[in-house]
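>>> mind folding the following:
(chains A and B)
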Amino acid sequence: AQSVTQLDSHVSVSEGTPVLLRCNYSSSYSPSLFWYVQHPNKGLQLLLKYTSAATLVKGINGFEAEFKKSETSFHLTKPSAHMSDAAEYFCVVSRSGGYQKVTFGTGTKLQVIP
Amino acid sequence: NAGVTQTPKFRVLKTGQSMTLLCAQDMNHEYMYWYRQDPGMGLRLIHYSVGEGTTAKGEVPDGYNVSRLKKQNFLLGLESAAPSQTSVYFCASRAGTSGNNEQFFGPGTRLTVL
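Numbers count the residues shown, from 1 in each chain, chains lettered A, B, ... in the order given. Down below sits the predicted model:
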């Protein structure tokens, strides 16, 4: 069994300040973890993924996430928010290897204030 | 490569009408998925396919049917549309064998059932 919890449904930051979007997961197996971004009226785009290699994962547009097994967390961060980062972000867990079950979090909407 | 495409982009149906949504991918992916996205609920899996000629139920399969007659196409059918099926529908594909592989999403179909 697996699940993912995005701890904030909405996050608001000022342009130029750090971004933190929180994600906790549970999995009976060794997980693969992903962050996707969805801009308004668009499909989902992969930001980054963790696949049991380095625990600190760098993605596109300056985002990164750290896999912390002891805390079962995979929080998404960015040092300095840009207006174009305003979007909805989804944390996703899937089983590494074997059956292809994929579970989505409920999403976090990021608002960037000029 | 076009990636994942969906047809149509928008549709309005009356209660009881039927329709088929088409998803096509040109990446030779084994796995294909249909999701619906509703506000505050993230993406919920309707049906998926692990290869040509195979389909399986996801979390919310009731009222939908699917077919995967060709590897590159995955069709989602609504036999008798209901207002509860008003949603945005996303198709995704994924290379098989490993949970490390990310999903690639289409742009979505916005369906309104009156």
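
>>> make it CA atoms for all contacts and neighbour counts henceforth
Will do.

>>> distance check, the residue nearest the centre of chain B against chain A.
For chain B, the residue nearest the mean C-alpha position is B:Trp34 (2.7 Å; CA atoms, centre = their mean). For B:Trp34, the distance to chain A equals 12 Å [CA to the nearest CA, to the nearest Å].

>>> name the helix or strand for that residue, please.
B:Trp34 belongs to strand B:31-37 when assigned by DSSP states H and E.

>>> now the residue nearest to the centre of chain B, nearest residue through space, not along the chain?
Once flanking residues are discounted, B:Trp34 sits nearest to B:Cys91: 4.6 Å by CA to CA, 6 or more residues apart in numbering or on different chains.

>>> what pLDDT does that neighbour get?
Looking at B:Cys91, its pLDDT is 96.

>>> quick one: it is in a helix?
No. Assignment of B:Cys91 by DSSP: H, G, I helix; E, B strand; the rest coil gives strand, placing it outside any helix.

>>> three-state assignment of B:Ser49?
Going by three-state DSSP: B:Ser49 is strand.

>>> give me the number of residues near the residue nearest to it when sequence neighbours are not counted?
Of all residues not flanking B:Ser49 in the chain, B:Thr55 sits nearest, at 4.3 Å (CA to CA, 6+ apart). For B:Thr55, the count of nearby residues is 19 (other CA atoms under 10 Å in any protein chain shown).

>>> what lines up beside the strand holding B:Trp34 in the sheet?
strand B:43-51 (antiparallel), strand B:87-94 (antiparallel) (DSSP bridges).

>>> pretty sure the residue nearest to the centre of chain B contacts B:Leu76?
Yes. B:Trp34 is in contact with B:Leu76 according to CA atoms under 8 Å; the separation is 7.4 Å.

>>> may I have the phi/psi pair for A:His39?
phi -80, psi 160 (degrees, to the nearest 10).

>>> swap in the one 3 residues further on?
When read as degrees, to the nearest 10, the backbone of A:Lys42 gives phi -120, psi 170.

>>> now do the contacts for it.
B:107-108 (CA atoms under 8 Å, 6 or more residues apart in numbering or on different chains).

>>> now the residue most central in space within chain A: how far from B:Thr7?
Taking CA atoms, centre = their mean, the centroid of chain A lies closest to A:Trp35, which sits 3.4 Å from it. Distance from A:Trp35 to B:Thr7, counting by CA to CA, to the nearest Å: 26 Å.

>>> cool, and A:Phe104?
Counting by CA to CA, the gap from A:Phe104 to B:Thr7 is 24 Å.

>>> neighbour count winner among these two?
Ranked by neighbour count (other CA under 10 Å), A:Phe104 and B:Thr7 place A:Phe104 first, with 22 against 16.

>>> and A:Tyr29, how many neighbours?
Neighbours of A:Tyr29 (other CA under 10 Å): 12.

>>> remind me which residues of chain A are low pLDDT?
Applying pLDDT under 70 to chain A flags the ranges A:96-100.

>>> closest to B:Ala2 out of the strands paired with strand B:31-37?
strand B:87-94 (12.6 Å; CA to CA).

>>> in terms of secondary structure, what does the helix or strand just after that closest one contact?
Next in sequence after strand B:87-94, counting helices and strands by DSSP H and E, comes strand B:104-105. Judged by 3 or more CA pairs under 8 Å, 6 or more residues apart in numbering or on different chains; DSSP states H and E, strand B:104-105 is in contact with strand A:44-50, strand B:87-94.

>>> show residues contacting the shortest one.
So that's strand A:44-50. Everything outside strand A:44-50 that qualifies as a contact, by CA under 8 Å, 6+ apart, is A:32-38, A:57-60, A:63-65, A:67, B:100, B:102, B:104-107.
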